[in-house]
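**Student:** Next comes the sequence, and after it the predicted model I'd like to discuss.
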Amino acid sequence: MDLKKAKEILGEGFSEDAEFLDLVLNKLHLPTDSKILDIGTGSGHIAIILALRGYKVITGEPKGVNWADWKSFAKKVRVEKMITFKTFNAEKLPFVDTSFDAIFLHAVFHHIDDKKLALCEFLRVMKPKGILVIIELTDERVKLVRKNYSNHPAAVDPRNYTKELGLEVKVIESKYLNAYIYRGTDVLYGKN
């Protein structure tokens, strides 16, 4: 199923971010056999878009967090078999070192308590030449969200937490979302 059809089926809540997420994925050129981790499932938007493109995705949230029914959305567009859900915490991931080619967070980073510890975990489980994509809300989007959820956290720029990590970053900006794309290097992992 293509993204246009998925947007028709899943409606406005999915569609509002789908084009931007798809644009970001187009710029990554990930091989379809990439091992992918989606941190913070929520409604499953990024996991679903990845699955629609043929990627198998591991996604998860902390125990007891069930913010949205991602699985019913995935079933509606017939990609639920491409997505595996696991319970985990971003600050203590249950995966071995260098497990993933790509790690995605969609509107999640601002919810993580210990961002530096979480970043260390992301880098631990990311392959040396892997990609970390942190998609965050803009201030403009937070204003809209706060109309319904007044206590919603402020927008966060991940670069404020990644300066010392030695990762190159590319930023793709839009009115409501920004994507921070970090690419690992062998230098980061002490390899030549």
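**Tutor:** Everything's here; your move.
**Student:** going forward, measure contacts and count neighbours with C-alpha atoms only.
**Tutor:** Will do.
**Student:** just the CA coordinates of stretch 93-102, formatted as PDB?
**Tutor:** These are the backbone C-alpha positions of stretch 93-102, laid out as PDB (Å, rounded to 0.1, in the frame of the first residue of the first chain):
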ATOM      1  CA  LEU A  93      17.400  -0.300  26.200                       C
ATOM      2  CA  PRO A  94      17.200  -4.100  26.300                       C
ATOM      3  CA  PHE A  95      19.400  -4.700  23.200                       C
ATOM      4  CA  VAL A  96      23.000  -5.700  22.700                       C
ATOM      5  CA  ASP A  97      25.600  -3.200  21.500                       C
ATOM      6  CA  THR A  98      25.600  -2.200  17.800                       C
ATOM      7  CA  SER A  99      22.200  -3.800  17.100                       C
ATOM      8  CA  PHE A 100      20.600  -1.300  14.800                       C
ATOM      9  CA  ASP A 101      21.300   0.400  11.500                       C
ATOM     10  CA  ALA A 102      18.800   3.200  12.200                       C
END
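**Student:** What are the contacting residues of that stretch?
**Tutor:** 34-37, 88, 121-133 (C-alpha atoms under 8 Å, 6 or more residues apart in numbering).
**Student:** So which bits of it are buried?
**Tutor:** For stretch 93-102, the neighbour count (16 or more other C-alpha atoms under 10 Å) marks 93, 99-102 as buried.
**Student:** try stretch 97-117
**Tutor:** Neighbour-count burial for stretch 97-117 [16+ other C-alpha under 10 Å]: 99-110, 115.
**Student:** Excluding sequence neighbours, find me the nearest residue to Lys92.
**Tutor:** Glu121 (6.6 Å; C-alpha to C-alpha, 6 or more residues apart in numbering).
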